[in-house]
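1. Have a look at this prediction, sequence included:
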Amino acid sequence: MATPAQNIDLNKTPSGSTLLEGTSLWKDAWQRLRKNKAAVVCGFIVLFLIIACAIGPQLLDWIFGYTFEAQDLEYGAKGPTLAPFHPFGTDFFGRDLLTRVLVGGRISLKVGLIAASVAAIVGTIYGAVSGFFGGKIDDGMMRFVDVLYALPYMFLVIILVTIFEKSESLLFVALGLVGWLTTARIVRGQVLSLKEQDFIQAARSIGARSHSIIFRHLIPNTLGPVIVYFTLTVPTMILQEAFLSFLGLGIQPPNPSLGTLMNDGANQMLVYWWTIVFPGIFMSLLLFSLNFLGDGVRDALDPKMRKG
Amino acid sequence: MGKILSVDDLRIYFKMDTNIVKAVDGLSFDLDEGEILGVVGESGSGKSVTCLGLMDLNPQPPAYYPSGKIEFRGTNIMKATKEQLRKIRGNEISMIFQDPMSSLNPFLTVETQLCEVLIEHEGMSSDQARKKSIEMLAKVGIPSPDQRIKQYPHQFSGGMRQRVMIAMALLCRPKLLIADEPTTALDVTIQAQILELMRELNREYGTSIILITHDLGVVAGMSERALVMYAGKIVERASTKDLFEKPQHPYTHALLKSIPKLTDVKGKSLDPIPGLPPDLSNLPTGCSFHPRCSRAVEKCKESYPEVVTLDPTHKASCWEVNA
């Protein structure tokens, strides 16, 4: 049924007040992300794992008195049981594996998030500056990136580890050192094409300063690819950390990380299968969810997916 | 009325890998305060490079200026420091770009973009800037500007974005407004509104306007004086009335002839100018227009014609024109 004409209030804006609310491109992307069921589910899994890692070890300590280093040599390595409460079993020293996995996950997440954030921030600023100024500055800055790219990464890490004391912060440095290179290249490429656009010319024509053009006009427009790359870097960094720890170059015992736990588990897996299965499942679940979430974010920010 | 801008022998070349593109080649003109000057020409005749050049906005390299002087209210733009330029841009000279769809930053609200100008040049607080921006949006005819200002550019139509651009250009009451084909991307009804708006602002604030266009109709309705550009040079300058009533240069003739008229017989084909604008890196010898000119003689291939003064306001560069 058609609405009778006399019911239309001519003084009102055609689509009512909802039209007048500013929706940014970010909000649009967020709405698209929320419609992606797989990404939402994985987002919740990631959130659950993060919360579990954040408060789980504390709870286990309060309730059962477990810590990641408290040994119970008499109890020894036993499979998963609910009474006594060891759902993931215990390791060779009688340490509760659930506690160790959660603490290890905490360290892995911390390394992944911090290293990826450092890579994103440093890479974005470096790439934007390089692309914006162009010419000789750009040449110099990008050759420096090429040189770092060419260095054998493992070799560099091993040297760093031998020179300095093995520590968590050294791990951040080692991972951060290579992480920002790709971000810098992505952002530089974006900036090179963006700076020819009319709105940058327009910003110049109103007398905007260089830093305001870089930080207000260029960088926000490159954030889409940067965020996508960030979400996909986090799992890569976690994997790298696990790899380094597996080689014995990362987190040192008794501190657990997902990498060292799996290293221990791999040594004993024929006898104590649970020492590799549970850390393995935990890590796979974490990486799988992070990757899916990253894919969802990429789809949400992809301008070609934008409708109307 | 005093001069606000004087351009003398301006040359803007672009250095390419193997050759030099002479985009603007020896341009001279003056602009009075409160005047609207039309600049007409085909695509590639150097109009846009000229207007970017007036604010020193051409990317250097590849652009460079072999000669020329741009004097704006006593300041030589080409010798000005970065800081001086920054103070002139947006404050005393501002510019409206051709394509309103891509001239606003899609990630910032209109408010942020408008206020940026005021905070930068007038040192206003953000509250003052917002108030002034809302006033200006209302002035250019945006309905419910106090709510609209919070929106993002993609929520505006093309015509409205161009209004926002004009509002932005006028926030600091510039002495000179450079409009680079401001209506080309808009449909005819919006075009008329935008032009009317510019005319109003010219009357009200005495803003001088350089109106760049390839639409002769726009020039006829807006400006008192017009320049016709071809291949980086001014080939004819005259009052708009003279230009339309007694065009002297064959190029101006051809441009006017190529406009379809309502009185044309049905089925009459259009009269385009034969050929294409010349390659600016490899200009023909003599007069650059001679390969396309119906009145070209031997002499035109040999040397560039001198300026013929028909009367103080009407000058043309052509061997076939007699004073």
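-> Noted; the coordinates are in hand.
2. Show the low-confidence segments of chain A, by residue range.
-> A:1-24, A:70, A:72-73, A:75-77, A:79, A:82, A:94, A:302-308 (pLDDT under 70).
3. all helices for it, in order.
-> Secondary structure of chain A (DSSP state H): helices at A:25-35, A:37-64, A:97-133, A:135-150, A:153-163, A:168-194, A:198-205, A:210-212, A:219-246, A:258-268, A:274-301.
4. CSV for those helices, including mean neighbour count?
-> The C-beta positions use only the backbone N, C-alpha and C, and glycine is treated the same way. As requested, the helices of chain A are exported to CSV (neighbours: other C-beta atoms under 10 Å in any protein chain shown):
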stretch, mean neighbour count
helix A:25-35, 15
helix A:37-64, 15
helix A:97-133, 23
helix A:135-150, 13
helix A:153-163, 14
helix A:168-194, 20
helix A:198-205, 23
helix A:210-212, 12
helix A:219-246, 22
helix A:258-268, 21
helix A:274-301, 20
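5. With distance to chain B added, can I get these in TSV?
-> Output for the helices of chain A, formatted as TSV (distance: least, C-beta to the nearest C-beta, whole Å):
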stretch	distance to chain B
helix A:25-35	6
helix A:37-64	23
helix A:97-133	12
helix A:135-150	8
helix A:153-163	34
helix A:168-194	10
helix A:198-205	4
helix A:210-212	7
helix A:219-246	4
helix A:258-268	37
helix A:274-301	12
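6. can you tell which of these is closest to B:Gln191?
-> helix A:198-205 (18.9 Å; C-beta to C-beta).
7. Settle this for me: A:Asp295 is touching A:Pro235, isn't it.
-> No. Contact status for A:Asp295 versus A:Pro235: not in contact, 11.1 Å apart, counting by C-beta atoms under 8 Å.
8. Checking B:Leu37 next. Helix, strand or coil?
-> Assigned with DSSP: H, G, I helix; E, B strand; the rest coil, B:Leu37 falls in the strand class.
9. wait, it sits on B:Ala226?
-> Yes. Contact status for B:Leu37 versus B:Ala226: in contact at 7.1 Å, counting by C-beta under 8 Å.
10. Please name the residues that touch B:Lys15.
-> With contacts defined as C-beta atoms under 8 Å, 6 or more residues apart in numbering or on different chains, the neighbours of B:Lys15 are B:Pro61, B:Pro62, B:Ala63, B:Tyr64.
11. 6 Å instead, please
-> B:Pro62 (C-beta atoms under 6 Å, 6 or more residues apart in numbering or on different chains).
12. same question, A:Leu286
-> Applying C-beta under 6 Å, 6+ apart, we find A:Leu286 in contact with A:Leu49.
13. how close does it sit to A:Pro235?
-> Using C-beta to C-beta, to the nearest Å, A:Leu286 is found at 8 Å from A:Pro235.
14. Let's check: the centremost residue of the chain is which one?
-> No chain specified, so I'll use chain A. A:Val234 (2.7 Å; C-alpha atoms, centre = their mean).
15. ah, I was thinking of chain B
-> Nearest to the geometric centre of chain B sits B:Ile212, at 2.7 Å (C-alpha atoms, centre = their mean).
16. and B:Leu37 and B:Ala226? which has more neighbours close in?
-> Shown here are B:Leu37 and B:Ala226; by other C-beta atoms under 10 Å in any protein chain shown, B:Ala226 has more neighbours (26 against 23).
17. Next up, the contacts around the more buried one.
-> B:Gly38, B:Val40, B:Val219, B:Thr240, B:Leu243.
18. Looking at those residues, which are in helices?
-> If you go by DSSP H, these have B:Val219, B:Thr240, B:Leu243 in helices.
19. The helix or strand hosting B:Gln113 and chain A, are they touching?
-> Assessed by DSSP states H and E, B:Gln113 sits inside helix B:110-122. Yes. Using C-beta under 6 Å from any C-beta of the partner chain as the criterion, contacts between helix B:110-122 and chain A involve B:Val117.
20. now for that helix, which elements pack on it?
-> Helix B:110-122 sits against helix B:126-139, with contacts defined as 3 or more C-beta pairs under 6 Å, 6 or more residues apart in numbering or on different chains; DSSP states H and E.
21. Please list the residues outside the helix it packs on that contact it.
-> Counting by C-beta under 6 Å, 6+ apart, B:Leu114, B:Cys115, B:Leu118, B:Ile119, B:Pro145, B:Asp146, B:Ile149, B:Ala167, B:Leu171 sit against helix B:126-139.
22. List only buried entries from those.
-> Among those, the ones that count as buried by 16 or more other C-beta atoms under 10 Å in any protein chain shown are B:Leu114, B:Cys115, B:Leu118, B:Pro145, B:Ile149, B:Ala167, B:Leu171.
23. pLDDT score assigned to the closest residue to chain A within the stretch 201-323 of chain B?
-> Ranked by C-beta to the nearest C-beta, the top residue of the stretch 201-323 of chain B for proximity to chain A is B:Ile210, at 13.4 Å. Per-residue pLDDT puts B:Ile210 at 89.
24. ok, B:Glu122 to B:Thr213 distance?
-> 31 Å.
25. ok, the two, which is more surrounded?
-> Neighbours per residue, other C-beta under 10 Å: of B:Glu122 and B:Thr213, the larger number sits with B:Thr213, 24 against 14.
26. Would you mind measuring from the closest residue to chain B within the stretch 101-250 of chain A to B:Gln128?
-> Per C-beta to the nearest C-beta, A:Ile206 is where the stretch 101-250 of chain A lies closest to chain B, at 3.3 Å. Using C-beta to C-beta, A:Ile206 is found at 17 Å from B:Gln128.
27. neighbour-wise, which of those two wins?
-> A:Ile206 (23 against 14).
28. contacting residues around the more buried one?
-> A:Ile206 neighbours (C-beta under 6 Å, 6+ apart): B:Gly90, B:Val117.
29. again, only using 8 Å
-> B:Arg89, B:Gly90, B:Ser94, B:Glu116, B:Val117, B:Glu120, B:Met168, B:Ala169.
30. How about A:Met141: what's its closest non-neighbour residue?
-> Counting by C-beta to C-beta, 6 or more residues apart in numbering or on different chains, A:Met141 lies nearest to A:Ser130, which is 4.0 Å off, once chain neighbours are set aside.
31. What residue, apart from its backbone neighbours, is nearest A:Gly135 spatially?
-> Closest to A:Gly135 by C-beta to C-beta, 6+ apart is B:Pro61, at 7.6 Å.
32. Is the one you found in a helix, a strand, or coil?
-> coil.
33. and what of the one 5 residues further on?
-> Per three-state DSSP, the local secondary structure of B:Pro66 is strand.
34. measure it to chain A for me?
-> Distance from B:Pro66 to chain A, counting by C-beta to the nearest C-beta, to the nearest Å: 20 Å.
35. so where does the spatially closest residue to that residue that is not a sequence neighbour fall, helix or strand?
-> For B:Pro66, ignoring the flanking residues on the chain, the nearest one in space by C-beta to C-beta, 6+ apart is B:Arg11 at 4.8 Å. Element membership for B:Arg11, per DSSP H and E: strand B:3-15.
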